[in-house]
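show me the folded form of this:
(one chain, ligands or ions: 3)
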Amino acid sequence: MSQGKDLLDKLARKGISRRDFMKYCGALTATLGLSSAYVPKVAAAIKKASRLPVVWLTMAECSGCIEATLRTTYPWIDTLLLDIVSMDYLDMIMAPSGQAAEKSLHDSVLRNTGKFVLVVEGAIPTGANGNFGTMGGGKTMVEVIKDVGPKAAAIIAIGTCSSYGGLPAASPNPTQAKSVSEVTGLQTINVPGCPPNPINFVGTIVNYLLFGKMPALDDKRRPLFAYGQIIHDQCPRRAHFDAHEFVTNFNSEEARKGFCLYQMGCKGPQTHNNCAKVLFNEGTNWPVGAGHPCIGCSEPDFWDKEAPFFNPIS
Ligand code: FSX
Ligand code: SF4
Ligand code: F3S
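Numbers count the residues shown, from 1 in each chain. Ligands and ions are numbered 1, 2, ... in the order given. Have a look, this model is predicted:
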């Protein structure tokens, strides 16, 4: 049985029709900024994917990234992800634990040196000789990332923590947490957000399957297809900003009318992300749509730089 038919059969068993699959491929194609002519190519790339080996390491974080990836967007994203890639190590969902899990990591890295994609979620605590963060077998996260990182074909930092330090590195940063690139000296492809939209992660992988390379990046090493524009330029409340119609109190007529949240602290004018276009939870909504100002979660050091979150940009 061909892998493509295999995937569609697996999805069918979950009640996902070919039409649903094509709809998702359409959303993915649009997110990647490709014309609709690419939809069949995206579908074919996913169906024919040769199970790209992926190792996913979770470091110091809140697990929001993996939760967002596995539990939202589309209920069957797990099937899709586990089928288009060969998830050789992901401690959060894998069956083996302890030494058996360590062995899976070791074996996969050995078998696929130079060929696997390393996905890292979370920052790396470097204080106390790395002992704020240890993994199975007592190795520090610093040791693990320095060992595994150089053996990968590419490193995707998923979430603001692994990309730039994020929450664990927020002031006063007692564990001296740092980004993956700071600790390893290696360049990463950053898919920030706290958490990031899973479609931007899947899009990065599919871009690799489709074109054999990682997508074009901005100066903070974020894929341009997702982070090429600021929120403010895509926001449905923008007409209110231009007309100086602002919310100044959450419990007000202006808030109910959906006026601009700039004066409530919205960081949309300086935040690069595609939330306003692709939305979260299968296209349900996004922070500003729900009436909350953007807190700039896809920008480096946002916990420190953007706080207090409800103060207007100074
Ligand atoms: Fe959490 Fe991920 Fe934020 Fe960090 O997300 S959602 S703290 S970016 O590493 O788990
Ligand atoms: Fe810009 Fe935020 Fe106002 Fe939207 S709500 S127009 S992103 S300031
Ligand atoms: Fe984050 Fe702002 Fe989007 S807070 S999720 S970048 S709207």
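
could you use CA atoms for every contact and neighbour count after this?
Will do.

quick check: the residue lying farthest from the centre of the chain vs Glu245, distance?
Distance from the C-alpha centroid of the chain, by CA atoms, centre = their mean, peaks at Glu253 (35.2 Å). Counting by CA to CA, to the nearest Å, the separation of Glu253 from Glu245 is 11 Å.

cool, and Asn281?
29 Å.

of these two, who's got more company?
For Asn281 versus Glu245, neighbours defined as other CA atoms under 10 Å are more numerous around Glu245 (19 against 16).

where's that one relative to Leu261, distance?
Taking CA to CA, one finds Glu245 at 9 Å from Leu261.

please apply the same query to Ala276.
Distance, Ala276 to Leu261, using CA to CA: 14 Å.

identify the contacts common to those two.
Val288 (CA atoms under 8 Å, 6 or more residues apart in numbering).

the more surrounded of the two?
Using other CA under 10 Å as the criterion, Ala276 and Leu261 rank with Leu261 on top: 29 against 21.

looks like Met141 contacts Asn129 (just checking).
No - checked against CA atoms under 8 Å, the pair Met141 and Asn129 is beyond contact range at 10.2 Å.

the more surrounded of these two?
Neighbours per residue, other CA under 10 Å: of Met141 and Asn129, the larger number sits with Met141, 24 against 13.

just the pLDDT at the more buried one, thanks.
In this model, Met141 is scored at 97, pLDDT.

and the next helix or strand past the one helix or strand in the chain whose mean pLDDT sits lowest?
In the chain, no helix or strand scores lower on mean pLDDT, DSSP states H and E than helix 77-84, which sits at a mean of 66. Per DSSP states H and E, helix 77-84 leads on to strand 85-90 as the next helix or strand towards the C-terminus.

tell me what angle the next helix or strand after that next one forms with strand 85-90.
Counting by DSSP H and E, the next helix or strand C-terminal to strand 85-90 is helix 98-111. When axes from the mean of the first three to the mean of the last three CA atoms, to 10 degrees is applied, the directions of helix 98-111 and strand 85-90 differ by 140 degrees.

return the set of buried residues in whatever helix or strand comes next after helix 98-111.
Per DSSP H and E, the first helix or strand lying C-terminal to helix 98-111 is strand 117-121. Residues of strand 117-121 classed as buried by neighbour count (16 or more other CA atoms under 10 Å): 117-121.

and these as JSON lines, adding pLDDT and distance to ligand 3?
Output for the buried residues of strand 117-121, formatted as JSON lines (pLDDT from 0 to 100; distance: CA to the nearest ligand atom, whole Å):
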{"residue": "Val117", "pLDDT": "92", "distance to ligand 3": "25"}
{"residue": "Leu118", "pLDDT": "95", "distance to ligand 3": "24"}
{"residue": "Val119", "pLDDT": "95", "distance to ligand 3": "20"}
{"residue": "Val120", "pLDDT": "97", "distance to ligand 3": "19"}
{"residue": "Glu121", "pLDDT": "97", "distance to ligand 3": "17"}
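
will you turn those into TSV that also has distance to ligand 2?
Shown next, in TSV, are the buried residues of strand 117-121 (distance: CA to the nearest ligand atom, whole Å):
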residue	distance to ligand 2
Val117	34
Leu118	33
Val119	30
Val120	29
Glu121	27
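
nearest to Thr271 among these?
Nearest to Thr271 among these is Glu121, at 20.8 Å by CA to CA.

which ones are touching the nearest residue to the closest one once chain neighbours are set aside?
Ranked by CA to CA, 6 or more residues apart in numbering and with sequence neighbours excluded, the top spatial neighbour of Glu121 is Thr58, at 4.9 Å. Neighbouring residues of Thr58 by CA under 8 Å, 6+ apart: 90-92, 120-122.

kindly indicate which of these lies nearest Leu52.
Leu90 (14.4 Å).
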